[in-house]
Each structure stands twice: as structure tokens, then as C-alpha cells.
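Student: my questions are about this predicted structure, shown below with the sequence.
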There are 2 protein chains.
Amino acid sequence: MNEIVTPLRVEPSVLAARLSDERAPDIVEALNAEAPEVAAAILLGLSFERAVEVLDQPELACAADIIEILPRDRVAAYLTGMSADRVTDVFREIEEPGRSDLRARLDAETRGAVDRLSAYGEETVGSLMTTEFVTVPATWTVARTLDHIRQVERTRETIYAIFVLDPRTGTLTKAVPLRRLIAGEPGDSVLAVAPERRPLSVTPTASREEAARLISKYDLLALPVVDAVGHVIGIVTVDDIIDAMVAKQTQDVQRFGGMEALPEPYMEIGFFTMIRKRAGWLCALFLSEMLTASAMQGFEGELERALVLTLFIPLIMSSGGNSGSQATSLLIRALALHQIRLRDWWRVALRELPTGLVLGAILGTIAVARIAIWQEAGLYDYGPHWPLVAATVGAALVGIVTFGSLAGSMLPFALQRVGFDPATASAPFVATLVDVTGLVIYFSVALVILRGTLL
Amino acid sequence: MNEIVTPLRVEPSVLAARLSDERAPDIVEALNAEAPEVAAAILLGLSFERAVEVLDQPELACAADIIEILPRDRVAAYLTGMSADRVTDVFREIEEPGRSDLRARLDAETRGAVDRLSAYGEETVGSLMTTEFVTVPATWTVARTLDHIRQVERTRETIYAIFVLDPRTGTLTKAVPLRRLIAGEPGDSVLAVAPERRPLSVTPTASREEAARLISKYDLLALPVVDAVGHVIGIVTVDDIIDAMVAKQTQDVQRFGGMEALPEPYMEIGFFTMIRKRAGWLCALFLSEMLTASAMQGFEGELERALVLTLFIPLIMSSGGNSGSQATSLLIRALALHQIRLRDWWRVALRELPTGLVLGAILGTIAVARIAIWQEAGLYDYGPHWPLVAATVGAALVGIVTFGSLAGSMLPFALQRVGFDPATASAPFVATLVDVTGLVIYFSVALVILRGTLL
């Protein structure tokens, strides 16, 4: 907490020597704190294997900038050593003509892999998968498979799942965990140690969430990606999925907070990008919320006659927003975890209706008690008709909290129904949705209860 | 979407036969949809190995209920087959005297493991770890280690990380990934294929988040848990971490939505538990928000003289809440991902101040334009002093959005400072925090600008 940061300027070569024994993710953390020029100089001071390992970490924030600074020949060597999925990600951030130049310097195999991977959209499995995996024909024995694994081990992202192919068609028939191979007899066929079931797989155009769901549900270390005819074209590994899950969680929290997700960490993002990502939703919500001003203008007469009503407007509106925000957060997660499906919306509505009524009644009771205590204790005078005012506030709260719970719980369904991620629903969005209706409910209740007295 | 659910009542034995070829997580999904009595009957219809595999899944929602229904002897056999960490989790949910009775029926080894594991708090690594791991002394060769792995494979949670112990002290000296063993020469010492670095480890009392952070940062498949003297007492595997991450994400979203996290899926939770989890925060927020009524009462005189000011109260307050909610969501994630540390609070404040000013100026400009357009077009009459009213609303928005951004960004720091998880900050909490101050800012600005005209 009281650690003092001394920003000593150290030579990159000294830093490189000091970092060379650290783990790659720790070197990445150190490089992220430096300007790209310094980071590039440090990288050049590391051994080739170390530098490749560092560049291979998705957490390295300015990899594209570093690569553009480094000498082209060295970069080409680094890129060939990196995993194809990572090269593809980095290439996405390099501007032309640099990208075409670098692409031309890749060896044919890496170039082919990168070309194929970059064809997939950013949210798809294709953009997450890597092409370094182990396949063997179904005719091989356990011993021959293990021998093959020993030879290719260094160039494969994982060897803990081995994919067995039909020797005729080359299509995926089994996925064998390495632990079953190890436990098997050397002379056995690889099929003898394979699980009976057909392996799980995804298509390259499936969403990243689908791959994350399968890997997390079935506790997989790697999930094969197959094309239309059943050929394995890549794998998604559990650590890619963890990275994707962490990124998705950040995105979801930021969106639920009512803004566009930021593409980079808070401290690294430019000032104007930050403004843009926040101003969009803020303006949209502001424009919608302007309807409250219009609603208030519509009830101008009532406001003039019963000014006491204005005192409770913030209280009542925020309660609607809060109950809505609770319901939305519940349903976003229930839908994301497939605990509830789109067709269950009416079950949810039937739960939220009584929940909202009870919650509204609790808040309404507190509000009535508050008004009565203030009035009786002489802390404030709500006028001769104060019991009616209290009744208005209490009844309006029941209505508004119920409406908030219902609207908040239905919003994620509505978004999913029209093809959006339910997680695009945000707390401010729900609050805005509920605010205008809340005002109308409040004044309508007032018109019923206070007619003939205050109104 | 249009799938039709036919709630046929099928005999449990028929269901068991139908499910027996499915994967364990799919059987779990089917059981979760049934009452505990039916689920227990289905489980009895499965083979012993299958039933153990199903009970071992943390996703099985009512495992404790099922276990209390099943015949005690059968349960004891199941529990002995399950992994110790899962048995511990299930035991937490079984009431006495059932728990003591079941504990007595466990074999000595499992009982010992469960006793040790249940001593750890729910949020610690100790409650997440399992005791089925592979250790070998540092004097062994690669071949002997592989032989040992072959023998114990079936009873270990993972064999992909092998822990090498000092033969004298029994303390952890290396962690060898299986892939390096496979690639090594059979006659080599196990130390020869081990990575040079000391293995990463955690203590059993560390937080689950710490284990998740290490596994995700260093792409580990298993992380050893060591006691004070350096003995390995358990491991945390990557699939436990994924489950914990998914649960934490749900918790975070629910808390950010302004409620206590639910212990069970939305549809399975009892009505009164649901009310309790939501009413707590809703009442706390309601009581705080009552300060807005007090603030409004304080400005009663101003309200009477310039009723036009009330029209913009909801608009202005919601803008403060929205900008605060954005800032809070940004900082919750930045702190959770260790992108920002507690001591960086002032850097954040220095970013949020100009950000808030710019965002407030954008909204203020829109508001002034709106008032001018409505006035000039004759849509509404804000009175002879309407330019001053517009100026008041515009200036108040700059102040409130700036205050919202600052307060929203500092809240997660404040929570972390006093020892809470920053993720306990919620959108409704920030909105409430900003609302009272927002009103005070609004009326203070009005007093300055409108003094001598409306006020």
C-alpha cells in the first residue's frame, strides 16, 4: 500500500538482463508499463525463445506497436515461432502496408494458417482457435501415437487431447485424452483407449461463448473445431477460453454500467476514445430521459396545486430503477448460463409480479411510516391532507416497484428475442425505461387518491 | 425457439436407462429439472461409476437433498468414490445429524481429507482444492515416474502436473508438466526434465480469486496448495477455477445490480429467499434516498417560487447516476484485474475530472438546446427568464456529471480501502450516492444564476 515507486530510468539492456529469468507473463507486465520503443529494445535483449514466448502472450498490450518498431527480419523470425492464432490477433492491429510486408515474410505454413484464421469474425470460435494440434490416424497403436507426440511436442499448443482421424476420409472420429494413452497398453490400438462417445466439437463460425460453455460444462482441456465435412481445422484450448471469459466479464460489467465496452485497460485508453465510449450511451439515455421533463410538463397543473408531491419524485423514481436493475441483473445471468430459455419468459413474469408487489409493499410501508413520523413529530408539515399524501406515495411505490421488477426482468428476454446479447441491458437503461412510466404511475395514483382534496 | 416441451411423466428407471449413455454434465442437467426424489431414483438406476461421476459435478443443484434420500450404505459407497473437495462441498449443505452419520460411514482416508478441507472458509483456496494429486520424490527417473502415473491415474483428479518433492523433507521443489515427462528420456532424472524455476503455489487460506488470477495469468492446468512448511496439501485445477469464475461473475453482476448474490439459480430459489436477498439492499437504498425528500423540503421555498425547476429534476438526477454507474463499472474491473492499484486513486481522479467535465458539457449543451427549441417553437413556455433557466440546467449538468464520474470512480477504491471487495459497489448504490448531492448542486446553481429574477 505504501510501496514507493521510484521511476529510475534504466537502460533497456540492463532491464532485459534483469527480466530474462522471469516468467513470460511477468515480463509482459513489465513491458506493459513501458513505452513501445523501450519495450521493443528490451525484447531484443531477451533470448529468441524468451522473446517469442513473451510475444505469444495475449496480455501484451502493445504487441502491434512493438512489432512495427522492431527490425523486419527479426520480426519475421519471431512471428514464425509464435502460435498462428496469436499472429492473427496481432496482424489485426497492424496497419497497411506494414501488414502485407510482414505477411510476405512469413514461411508458407504460418502464412496459410494466418490467412485462414483472419477470415473469421472477431466474436467467432475461428478467431480464437489455433492450428497447432495433434492428430493421428485410427490405425495407429498407443506406442506409435506416443512416439509421434514425443516428436511434435514442442510445436503443439497442447498434447493433452489427441484427435483420431478416419484414415480414409481424414474426418474426426475420436478425441483421446493423453491420460488414457499413458494408462493404455503400448500394443493396443489407439481406438481401444478412446472414449466410446463421439467427440464434442464446434464449427469455426460458432460464437466464442458457445466454445466457453462447452469447455466449462464438460471440463475439457481442448475442443476441436471442425469444418462442414468433419475435418479438424483447429482447437480451442482452456487457457484461450479463460482469457476470453475474463474479457467477456469486463465487457459485460462495463455494458451493465451503461457504456460501450473499452477495447483496452482503463489507464491505457486515449482520452477521446474514453469520451466516445461513454458519451454515446449517456446521450441516448439523456435523450430518452427527456421524456420525464415532458411528462412533468404534462402534469404541471397538478404540480402547482400539490407541490408536496414533488418532494417524493426522486425517491419514487429511484425505487423503480433499483428494483428494475435487480431484476435485469438476475435475468442477464440466468439467460447467459442457460438456466432459463427464451420461452420461459412467462414463468419469470409470474415470479416477478408477486416479488414486485411484496417488495413495493415493504418500501411503501416504510414511506408511509416516514411521512407519518415526520408529520406527527412536527419535523415537516405535509399539509392537512397528509394521510392522503402518504397513501399516494405508498400506493405509487407498490405500482412502480412492481412495474420496475417486471420491466427489468423482461428487458433481457426482449433483447435476446430481437437477436441482441441480453447483457447489452444496463442498469441505467432499465432505470430510464422505468422513470417515465414511474412518473405517470405516480401522478395517476395521485389523481385518484387526491381528487377533491388537493387536486 | 418453437420447441415444444411435453411434460410426459416417465418412470425413473426408464429415464435412467435413457440417460445412461449421456455425458455426466448432460445427466446433471436432466436431474436438475426433476424433484430430488425422482433424481435420486434415476441415480440408483445408473451404473455405480456413472452415478459417482454425476454426483461429482458441482453443477448438480440438489446433491445434498438427493444424498439424504438415498439408502445410507449406497451413499457411503458413492461418497468414497467421489473427489474429496466435492464431498466437502456437499457435506456443507447436509443438516445434522445426517452429516455426522454419513461422515462415520466414510473410509478413513476420505474422512480425513474431508475433515481437513471443511476447516477452510468458503471463499478460500482450501475449500476449492482437492487432495487427489500426483507426487514423486526427486530421486526418481522419468520412466519410474511414468510407471507410477500409470498405476495411480484412475484415482487422481489430474496427472498433467506432477509435483516433485524433496526426498528428505517432503517439501515441494518442482512442478513438472506431463508433456515434459513424455518428451524426456526414460533414464533421465525427473529433475532433468523439470523447469528451472521454483513452482508457483498458494496457501490454503489465500482467496479463490488469487488462485484464479495465478491459473489464468500463467496458463496453468493445476496449482499446488502448500502449507507453512512447504508440503503439498492439495491442488486447484483449471476446471474448478472456471466453475469458480462463472459463479463469481454471476455474483458480481447480481451485486452490481444492487442485491445480494443468490445462492441458487433463479428458478430454483424459494420465493421468500428471493425477497430477502432483494429487500435488504432495496430498503437500505430507499432509506438513503429519503435524504432527497429532506433536501427537497429544504429547498421548498425555491421550489414554490420557481416551479419550472422541478421539471428537470428527474433528468438531472438520472444523468448523475448514469455517469457514476459508468465510472464505477470501469473501476470495479480495472481493480479486479490488477490493472490499477489502490495507490493509483489520484491518477484515476485526475482522469475522471476532465472526462466528467466534457461529458457534462455535452449533456448540458443538449439540455440548453432542448429548452431553447421548445421555447422558440412554442411547445412549452418556461417563462420570461427561460434563458436563465436553460443556463441553470446546463451548468448544473456539468457539475452533476463531473461529481457523478468522480464519486463513481472513487467508490470502488474506498470499498477496497476499508477491506471490501470493490465489486460490492453497485449501480443503484452510486446513483443513490449521487442523487442527494445532485439535488444540492442543482439548487445551489439555481440560487446563483436565478437570484434576483426567479429566486
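Tutor: Structure received. Numbers count the residues shown, from 1 in each chain, chains lettered A, B, ... in the order given.
Student: show me where the stretch 151-300 of chain A has its strands.
Tutor: In the stretch 151-300 of chain A, the strands defined using DSSP state E, counting those that start in this stretch lie at A:161-165, A:172-177, A:222-226, A:232-237.
Student: do the last one and chain B meet at all?
Tutor: Same thing as strand A:232-237. No - counting by CB under 8 Å from any CB of the partner chain, chain B has no neighbours in strand A:232-237; the shortest distance is 8.6 Å. (Glycine included, C-beta is placed from N, CA and C.)
Student: what mean pLDDT does that strand have?
Tutor: For strand A:232-237, mean pLDDT is 93.
Student: got the contact list for it?
Tutor: For strand A:232-237, the external contacting residues (CB atoms under 8 Å, 6 or more residues apart in numbering or on different chains) are A:85, A:116-117, A:125-126, A:128-131, A:133, A:135, A:157-158, A:161, A:163, A:165, A:172, A:201-202, A:204, A:211, A:215, A:221-227.
Student: just those residues that are near chain B?
Tutor: Answer for these near chain B (CB under 8 Å from any CB): A:215, A:221.
Student: quick one, which of the contacts of strand A:232-237 are buried?
Tutor: Among those, those buried by neighbour count (16 or more other CB atoms under 10 Å in any protein chain shown) are A:85, A:116-117, A:125-126, A:128-131, A:133, A:135, A:157-158, A:161, A:163, A:165, A:172, A:201-202, A:204, A:211, A:215, A:221-226.
Student: do stretch A:278-285 and chain B meet?
Tutor: Yes - Stretch A:278-285 reaches chain B (CB under 8 Å from any CB) through A:278-279, A:281-283, A:285.
Student: what's in contact with that stretch?
Tutor: For stretch A:278-285, contacts defined as CB under 8 Å, 6+ apart pick out A:258-260, A:426, A:428-429, A:432, B:318-319, B:322-323, B:326, B:355, B:358-359, B:362-363, B:366, B:401.
Student: now the residue nearest the centre of chain A: how far from A:K217?
Tutor: In chain A, the residue lying closest to the centroid (CA atoms, centre = their mean) is A:K248, at 1.7 Å. Distance, A:K248 to A:K217, by CB to CB, to the nearest Å: 16 Å.
Student: the bottom helix or strand of chain A by mean pLDDT?
Tutor: One helix or strand of chain A scores below all others by mean pLDDT, DSSP states H and E: helix A:12-19, with a mean of 83.
Student: what sits up against that one?
Tutor: Contacts for helix A:12-19 (CB under 8 Å, 6+ apart): A:26-27, A:30, A:38, A:41-46.
Student: from those, which land in strands?
Tutor: Among these, DSSP state E puts none in strands.
Student: report the buried members of those.
Tutor: Judged by 16+ other CB under 10 Å, buried ones among the contacts of helix A:12-19: A:27, A:38, A:41-46.
Student: can you lay out those residues as TSV showing pLDDT and distance to A:P422?
Tutor: Formatted as TSV, the buried ones among the contacts of helix A:12-19 follow (pLDDT from 0 to 100; distance: CB to CB, whole Å):
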residue	pLDDT	distance to A:P422
A:I27	92	39
A:V38	90	43
A:A41	91	46
A:I42	91	43
A:L43	91	42
A:L44	90	47
A:G45	90	48
A:L46	91	44
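Student: pick the one among the residues you listed closest to chain B.
Tutor: In terms of CB to the nearest CB, no member of the buried ones among the contacts of helix A:12-19 lies closer to chain B than A:I27, at 12.0 Å.
Student: A:L46 versus the closest one, what's the distance?
Tutor: For A:I27, the distance to A:L46 (CB to CB) stands at 7 Å.
Student: ok, how many other residues are close to the closest residue to chain B within the stretch 151-300 of chain A?
Tutor: Here the stretch 151-300 of chain A gets closest to chain B at one residue, A:G257, 2.4 Å apart by CB to the nearest CB. Using other CB atoms under 10 Å in any protein chain shown, the number of residues around A:G257 comes to 29.
Student: that one touches B:G324, doesn't it?
Tutor: No - assessed by CB atoms under 8 Å, A:G257 is found out of contact with B:G324, at 9.1 Å.
Student: need the contact list for A:W386.
Tutor: A:W386 touches A:371-372, A:375, counting by CB under 8 Å, 6+ apart.
Student: please apply the same query to A:L359.
Tutor: Contacts of A:L359 (CB under 8 Å, 6+ apart): A:323, A:401, A:405, B:275, B:278-279, B:282.
Student: and which of these is nearest A:A77?
Tutor: Of all these, A:A77 sits closest to B:R278, with 58.3 Å by CB to CB.
Student: with distance to chain B added, can I get the buried ones among the contacts of helix A:12-19 in CSV?
Tutor: Compiled in CSV, the buried ones among the contacts of helix A:12-19 are given as follows (distance: CB to the nearest CB, whole Å):
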residue, distance to chain B
A:I27, 12
A:V38, 19
A:A41, 24
A:I42, 19
A:L43, 19
A:L44, 23
A:G45, 19
A:L46, 16
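Student: which strand or helix spans A:L353?
Tutor: helix A:345-376 (DSSP states H and E).
Student: mind listing what's buried along that helix?
Tutor: A:345, A:348, A:351-352, A:355-356, A:358-364, A:366-368, A:370-371, A:374-375.
Student: check stretch A:286-293 too.
Tutor: Buried residues in stretch A:286-293, counting neighbours by 16+ other CB under 10 Å, are found at A:286, A:288-293.
Student: what subset of the residues you listed is also close to chain B?
Tutor: A:286, A:289-290, A:292-293.
Student: so what touches the helix or strand harbouring A:A113?
Tutor: Take DSSP H and E as the rule and A:A113 turns out to sit in helix A:108-118. Helix A:108-118 has contacts (CB under 8 Å, 6+ apart) with A:79-80, A:84-85, A:87-88, A:91-92, A:103, A:106, A:126-127, A:129, A:131, A:233-234.
Student: swap in 6 Å and give it another go.
Tutor: A:80, A:84, A:87-88, A:131 (CB atoms under 6 Å, 6 or more residues apart in numbering or on different chains).
Student: from B:F403, how far out is A:I275?
Tutor: For A:I275 relative to B:F403 (CB to CB), the value is 17 Å.
Student: for A:I235, that is, sorry about that
Tutor: Per CB to CB, A:I235 is found 50 Å from B:F403.
Student: quick one, which of these two is more surrounded?
Tutor: Higher neighbour count among A:I235 and B:F403: A:I235, with 28 against 21, using other CB under 10 Å.
Student: quick check: that one vs A:L60, distance?
Tutor: From A:I235 across to A:L60, the span is 22 Å (CB to CB).
Student: what residues does the closest residue to A:A138 other than its chain neighbours make contact with?
Tutor: Spatially, and ignoring its direct neighbours in sequence, A:A138 is nearest to A:V164 (5.1 Å; CB to CB, 6 or more residues apart in numbering or on different chains). Counting by CB under 6 Å, 6+ apart, A:V164 makes contact with A:136, A:138, A:173-174, A:190.
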